[in-house]
Structure formats: C-alpha cells, structure tokens
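**Q** Compute the structure for the input listed below.
(chains A, B and C)
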Amino acid sequence: MGELINWIQYTKEDKGYQRNTSQNEDYIKDKQTPSNKADKDGLLILISADYDPEEKKTFLKFYDIKKKNIAVLYDKLGHKPYAFSKENIEKLKNNEHILRISKRLVGLEEVVKHDPITDSDIHVTKIIVEDPLVIGGTAASLRNHIKLWEADIKYYANYLFDSNLNVGKHYLYTNGWVKEVEVEHEEPVRKYIKKYSSEPLLVEWIKLLSEEVPEYRMLAVDIEVYVPDQTRMPQPENPRDPIFVFSLRGTDGLKKVLIYNLREEKIDKEGINEFSIEEFKDERELISRAMEIMRKYPIIVTFNGDNFDMRYIRRRAEYINFRETVKDIRLGRNDARIDWGVHIDLYRFFKNVSIKNYAFSGKYDEITLNGIGKSLVSLEKIELDKSFDEMTLREICIYSFRDAEITFRLANFNNQLVMKLITIIGRIANMTLDDVCRLSVSNWIRNRMIDLHRKKNYIIPLQEEIKNKGGERHFEPVTKGKKYKGAIVVSPKSGVHFNVYVLDIASLYPSIMKEYNISYETVNCPHPECRGNLVKGTKTYICKKQKGIVSEFVGLIRDIRVNIFKKLAKDKSLSKDKREFFNVVQNTLKVFINAIYGVFGSEEFFLFYLPAAEAVTTLGRHAIEESISEAENLGLEVIYGDTDSFFIKDPRQEAIEALIKKVSKKLKLQLEIDKIYRYVVFSQRKKNYFGVLSDGTLDVKGLVGKKSSTPEYIKRVFYRILEELRHITTQEEFEKAKKKITNIIMEAEEKLRKRDVDIEDLALAVTLTKPLKSYTKTTPQHVKAARLIELSTGRKILPGSVIKYVKTVDQNGVKPMELIRNRKEIDANKYIELLWSTLTQIVDVLEIERVATAKSRRLDQYFL
DNA sequence: GCGGACTGCTTACCT
DNA sequence: ACAGGTAAGCAGTCCGCG
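**A** Sure thing, here's the model as predicted:
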C-alpha cells in the first residue's frame, strides 16, 4: 500500500491473535485526555472499516487530523464473525451443515440474550466462525441452510458494534492501540453536558455530535474515455475504449488534467490558467501517474464513480493487463471502494431522497452533475455540441476539467457541508462514510437500531417473528394498494380568507411514537396486564411495563435536537462557524426524526410491524381531530387541515394561546404557530392553495402552475398573475386586480393562438420513472415522446431522465422537443386548454370567468 | 361505429 | 426500497344506441 499508511506495519505483523469470546470487551483500553489542545499528534477520527479477506480481519480506517492522511489499524481483539441459533449446542454439534463447515468453525457457545418480543431472557447458541462467508454470502453459507439470527449484518459493521467503536468519533493512537479520547468542548456544550449529567445516554450523544468534524483533504476525479464513433457510451464491463483524460482537482489547490495524447496532436495550452496539463504518450503511463496522485489523497470524490469512473479505471487496467497498478480499487456489485481511503460517490449521495428533500429541501430536481452543480454551486457543465472526434484536445481538457471542478465544489461548498453531513450521519447511524453516501435512510436507521439492540443485549428478531405476533388491521386505507390508513385531510372552505394562522403539531408522528411508547415489541406486547391499554377505536394495545426501543430512540434524538442542538445553533456566545455546524447537526437529526415513522411503516424494513405503524396514524388522526374540535370549542374557525396542521381564520390571540395550552395538557403534544397568512386562497381542492405570508412572500402549494411538468410559458403567466395578487392587502384591491389579471390571460391566450411563443417554453417536462420497455399497460405521452427519440436518434433513454415534449397536431399528438422543426406543428388549442386549466385554480375563486368557447372567443367577450 | 361514462395508470405534489 | 392522501391528465374499456 502507499507510503501514507504509516501504521500498517504495526498491525500486519500482529498475526498471532487470540480468540476473544467476550463480546463486549472494549477496544478502548482506557480514556485519555490530550495534554495539550493544540497538539493533535495521533488524534484520529474513525471514518471507515472493511474486511480484509486475506488477513481474515477487519481493519479500521481513521482520518489523521494532523497529518491529513488515513491511518489503517487491523483488528487486535481477535474478533470473529458469528451468528445465533436457537438450537442447543449438542444438537448443533451434530447438524450436517455445522459438520460441513467444522474446519472453519471457531466454536459454539451458549449465551443469554434478551428476546424483546417475549420480554424474556433466552439461551441461544453463538456460532463463531473463521470467515464471514461461512455465515452468508455464498450458496453454501450457513444462513441458507439453517435458521440463524443476526446473520445478515455486514461483518465489519458487527465489528464496530461489538467493539464499542463509533464512526465519526475521535480516538487517540498510542502503542498500536486506539483509545477513546475526551475532546474539549466549548462552554455552552459543557453546560448541557453538566445539565444532563444524570442521563448518561443523552450525554454520550451530546459529546459525540458536538465533536468537531475535520476539514478533509480530498481529490475530485473525473475521467474521459475515447470512443471513436459517438453512438455508444463507454461500458465499464466492456472497456475496449482507452481512458485518455484524468481531470483532478484537490483541496490543496491541485488542478491538473492528465491526457494521453492518442492523436499525437499539438495541444494548444495558450491562455489556460485554470489548470495545468500533463501529456502522456501511452495509456499505461497515464493510469500509473493518475493512480500515483490519487493515492496521495485520503478521500476521492467522484460523480458516479461507482458505476463509471472508478469502475472503468479498474476494468480498463485489467483489460490492458495492467491490473497491478489499480489493484487497490475494489469493485463491489454496485460500488467502487479504495484501499487507501474513502471513495465518496456524490451521485449516490445526492440521489438519496432524504438528502434531496430534507437536507437540501428539494433545491435540485435533476440528479445529474449539471443539474445539481447549477442549483447548489452555480456551476454548469460545458455544453457539448460536437463529439470528442471533432473537438481539439485543448477543448476536451477544458470540458473535462469543468466536470472535476463541479464535483470538487459540490464536495467543498459551505465549509465542506456535504462532508459534514456525511460524517454526522455516520455518527448517528454508526455507519462508515463509504456506506453513508451509498445507502438510504432506512439503512442508516437499521444500522443504528442493530447497534442499540447489541448494546441492550437484545436478540434481533426475524421479520417473520414480528409478523407472527399477529394483530389485525382496523381501518381500510383510503388509497387503493396501501397497507394501512394514513392521515386525514379536512376539506378547505373555498374563497379568500384574510389573517389566517396555521397551527401545527410539532413533529406529530415522532412525538406520538415517543409519548405513546410505540415500538414493534411494545405494540401488542406479551404482558396480560397491558391488554387494557388500547389505542382508541382498535384492539391494539400498548405496553405499560417496558420502554420500547424505537420509541426510546426517537424520543432521545428528538430531545437532543430540540433541547440541545437547536439551541446551540442559536447560541450567540458561539462563533458563526460553530453555530452553523450545530445547525447542520440539528438538521441531520431532523432527517432521522422525519424518516423514522416512514421507515418503520415500510413492509421491507426489518422491524416492520403493521399494528405499530397503524397505531401511529390512528393516534395522529385522533390528535388532529381533537385539536380541531378544541379549537372550535374556543370559537375559532377552522378552514382547512392536513395531517398535522390546521388553518384558523382571523383568530383571537388569547384563544390561540388557550388552545396551545389545552392541547399540550390533554394530548401531551406541542402545538406551534407555523405561519401566518395575510390572506390565503382556497379552491375546493385539497392540497391546493396559495397565499401571501405576513412577510409578503408568496406561498404556493400543489397548484398545477407550480408543477415541474407544466410548460414554462404557462408557468410564467401563472406567476405573473400571482405577482399581481401578492401586493393585495384588502378586499377592495382584489377587485382592481381582477381586471389586470383578465388582461394578462387574454394576452397570453392570444399569443398561444398565434403560436407566438418560443417552442422551448411550451415543452412539457415529465420524468421517465421506469425503463421504456416496462410501460405495458398504457402509453403515457412522455413515453410516446421518449420512444420517438429512441427511434429517430438511436439514443437510449434511461429511467430518471426528464422527457421534454410538445403537443402537436399530427396523429401522435406529441413530439419530443428536439424533433420539432416547425411552429405549425404545435397544437395551439391544446395549449389554450392547458393554460385555462392551470389558471382556473386561481381564477375560479376570484370569480373571473371564462365565457365563450375556444373558437368563437374574442378579447372583448371576457368579463369579470 | 361513435361518444360519453368510467376505471386504471402515471406523475407530481402535500403533510 | 421511508409512509399515506390528493389532483390531474390521459389511455383504454365498456356500454348504449334502432
């Protein structure tokens, strides 16, 4: 391995490990405080772990804060892979499958575990083996032949849980061991640690989450492959085309393009000062040099490197008999990891819906380098109007470097916000950074739940065991195909309403899970004495004796967020940077809190239990119904409600305060004023309205004019109308605005009729959500358009791509944007209909009417 | 053979 | 591979109609 991994020799020599059966022995020998804060010698942060199949050991990857390198440490505890069986030892000893693997069997041990479902201690057999593959991963593995518990947890994850290690935590290295280290905290943090000193669990979390996240040394990498005829994309699994460009951009200021000059072209470097160019005469030299540079960086960042860049490098090197040079790139089925550090694939990270919607509040919608770059760091790809064949190598270098630059900026903007996020998620989930950036929120939560089970010595139940608890479904879901009934939506009172307060129940579902002790083991628990503790309107009962593991976890992280990190984020005695950091922490906690209910309500989730999920929504419906009726008792007028929030028209201040008190007392839930509208406009449709908030900002919900698929032209008319409405403060002003709005509509319609609109602005943009082949039941318009693109250009349209098409007068009725040649093809009437149907949603309520039919209409035939 | 009523599919949104 | 509820447009089907 590389020169940078200084400590590997300490550990690799240490082969004579002993078997250690005590599963809870600390890796950490003792606690230590660094004598001097400035001296960061040996101060490490755990960021990753993996299993070395040759050494048959787990190794840990630490980020060395001072050296800004990776330190690798191999296992010294003699930890071994294992799983549990409920058969007793004697019986197992003679089991044919155990006999079959006896050579790789380390031992069988009887251990006591707590079974959360029966709430009792049970004796199980721990099957300890030499190699994780004995447990799972091959056809012959034990878990495919005998019933095992905890047999589908990655071995290195197991290792972290059992060794009491936590990803993202600081450790101190001395004499071949790492020790847990007490890092210094700032005064406000210390204050909280003191305040909650009677709750050790809470203190642990405060400490863990407030530790500093280092500034990582990283390198962004992007490669280009030379494909002679542009018709095909380079395929890593068939790497017949040469890699000819590596663009590299590092946090230390490195800006380099390495190019294999396969055309023997004189590259014009004049005026390029953004980066330097290194030329190579041979592809192998290029790859060697690129790998040499890459190995100097502990963190490699790519955009889609798992399935393209890193994979192609490895496969191509193998293809040209150059495997040795790239053997420290390890390809998995769906990922590419690097032995010398951590490879972060930003494509995987940004694709994650929790990241997209919660961490970045949906600021980007297209998951491409261009789309995300544009939205988050205001840098776009260089547009290509010709193929590499037709470009000079100079042009290709500039093009390629831009990609590396965007990737670099995505990883580095806002003080490495993305890396902070990944690290904090790693801390909360106790998951390696490699896994955090590749896996979804359900895996993050699963990982932490497994850790919590281990720490409580709970055996993790099988999905079938949870299902076998039984318990019926009590309410038919409203939506066909759903598993259980969800939230309620109260029909809006249509019309214009001034001075409207929106109240919402603070984190409704998580609060319910916490307050009502909802967890897979506490809902329909085994204790006869809890059977009377029913969820209203159901036969579901909830445990009164034990605190549920899920409930406890939600409660804990919710408390930490609300009581500590939200406050730290606003603590003026802290520096701006610190406050921002704590704000990222509290937002990351929010991601978890928001996702927990959904994850536990998902059938695939390993702790899914339908009666528990149903109990949450049932209690949620009660909560909002009770809140609304309490509001009405206080003489408040409720004009709309959805799930956890309701709208009150022109309320008395005291009534609101009284309501908040009442709900807090009666339901143990916190009502909050979410927002106040100067006015809000409802049609009769649910989840569709707009309003102007007290600070004058426009708030549009659900209306067609807001949808990403609506043509730009119609959107613009829509927002122009709303802009007219935005300034209105009184009923009288409404009347005046109506005239203006009518004019806007008439003008827009006239332009459409004359087809006096840019074709691009008429495109509907609809996402293809699955492969073209799998639309068998119907052929939606965007599918028709996508097929036309494939037919005429030969380009393959993949799921996730946004299809832009226009409505035409030909027999298809649609045509992809890029194939339109003539304005005459456009079906103007369809667009006029579309315009009206979009605007109806705002205009209806304002009593602006559309009178004549499309054909006979003239401008003066509109009236108010 | 045609058109309206209806159902189902698909997407994008809200909480 | 986090949930359910709602709106809207369109595709496809059924049914009545001398």
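**Q** out of everything not next to it in sequence, what's closest to whichever residue of the stretch 201-350 of chain A sits closest to DNA strand B?
**A** At 16.3 Å from DNA strand B, A:Phe350 is the closest residue in the stretch 201-350 of chain A, using CB to the nearest atom of the strand. The way it works is simple: take the backbone N, C-alpha and C, and place the C-beta from them, glycine included. Nearest non-adjacent residue to A:Phe350, counting by CB to CB, 6 or more residues apart in numbering: A:Ile372, 5.3 Å away.
**Q** Need the pLDDT of that neighbour.
**A** A:Ile372 carries a pLDDT value of 91.
**Q** is stretch A:487-495 up against DNA strand C anywhere?
**A** Yes. Counting by CB under 7 Å from any atom of the strand, contacts between stretch A:487-495 and DNA strand C involve A:487-489.
**Q** now the residues you listed as a markdown table including distance to A:Arg821, secondary structure and pLDDT?
**A** Shown next, in a markdown table, are these (distance: CB to CB, whole Å; DSSP: H, G, I helix; E, B strand; the rest coil; pLDDT from 0 to 100):
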| residue | distance to A:Arg821 | secondary structure | pLDDT |
| --- | --- | --- | --- |
| A:Ala487 | 49 | coil | 95 |
| A:Ile488 | 51 | coil | 94 |
| A:Val489 | 46 | strand | 95 |
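**Q** Could you single out the nearest of those to DNA strand B?
**A** The closest of the residues of stretch A:487-495 next to DNA strand C to DNA strand B turns out to be A:Ala487 (CB to the nearest atom of the strand; 5.9 Å).
**Q** Tell me the helix or strand right after the helix or strand hosting the residue of the stretch 201-350 of chain A closest to DNA strand B.
**A** Assigning secondary structure by DSSP states H and E places A:Phe350 in helix A:346-351. Where DSSP H and E defines the elements, the next helix or strand beyond helix A:346-351 is helix A:353-354.
**Q** what about that next one, average pLDDT?
**A** Summarised as a single mean, pLDDT over helix A:353-354 is 89.
**Q** next one: stretch A:125-145
**A** Averaged across stretch A:125-145, the pLDDT comes to 95.
**Q** Past the longest helix anywhere in chain A, which element shows up next along the chain?
**A** Using DSSP state H, we find that the single longest helix of chain A is helix A:393-429. Counting by DSSP H and E, the element after helix A:393-429 in chain order, helix or strand, is helix A:433-436.
**Q** which parts of the stretch 351-500 of chain A sit against DNA strand C?
**A** So far as CB under 7 Å from any atom of the strand goes, the stretch 351-500 of chain A lies against DNA strand C at A:352-354, A:357-358, A:439-443, A:477-479, A:482-489.
**Q** In ChimeraX, select just the buried ones from the residues you listed.
**A** Buried subset of those, written as a ChimeraX selection, criterion 16 or more other CB atoms under 10 Å:
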select /A:352,354,358,439,440,441,442,443,484,485,486
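**Q** Inside strands: which ones of the residues of the stretch 351-500 of chain A next to DNA strand C?
**A** A:Val489 (DSSP state E).
**Q** on that earlier part again, could you pull out the buried residues of the longest helix of chain A?
**A** A:393-394, A:396-412, A:416-429.
**Q** The closest residue to DNA strand C within the stretch 501-650 of chain A and DNA strand B, how far apart?
**A** Distance from DNA strand C to each residue of the stretch 501-650 of chain A (CB to the nearest atom of the strand) is smallest for A:Gly598, at 1.9 Å. For A:Gly598, the distance to DNA strand B (CB to the nearest atom of the strand, to the nearest Å) stands at 9 Å.
**Q** Please tell me how far A:Val134 sits from A:Ile557.
**A** The spacing between A:Val134 and A:Ile557, counted by CB to CB, to the nearest Å, is 36 Å.
**Q** hang on, the earlier thing: what's the helix or strand for the residue nearest to A:Phe350?
**A** Per DSSP H and E: helix A:369-372 holds A:Ile372.
**Q** and the one helix or strand A:Ile557 maps to, anywhere near DNA strand C?
**A** Per DSSP H and E, A:Ile557 falls inside helix A:549-559. No. Helix A:549-559 stays clear of DNA strand C (CB under 7 Å from any atom of the strand), getting no nearer than 12.2 Å.
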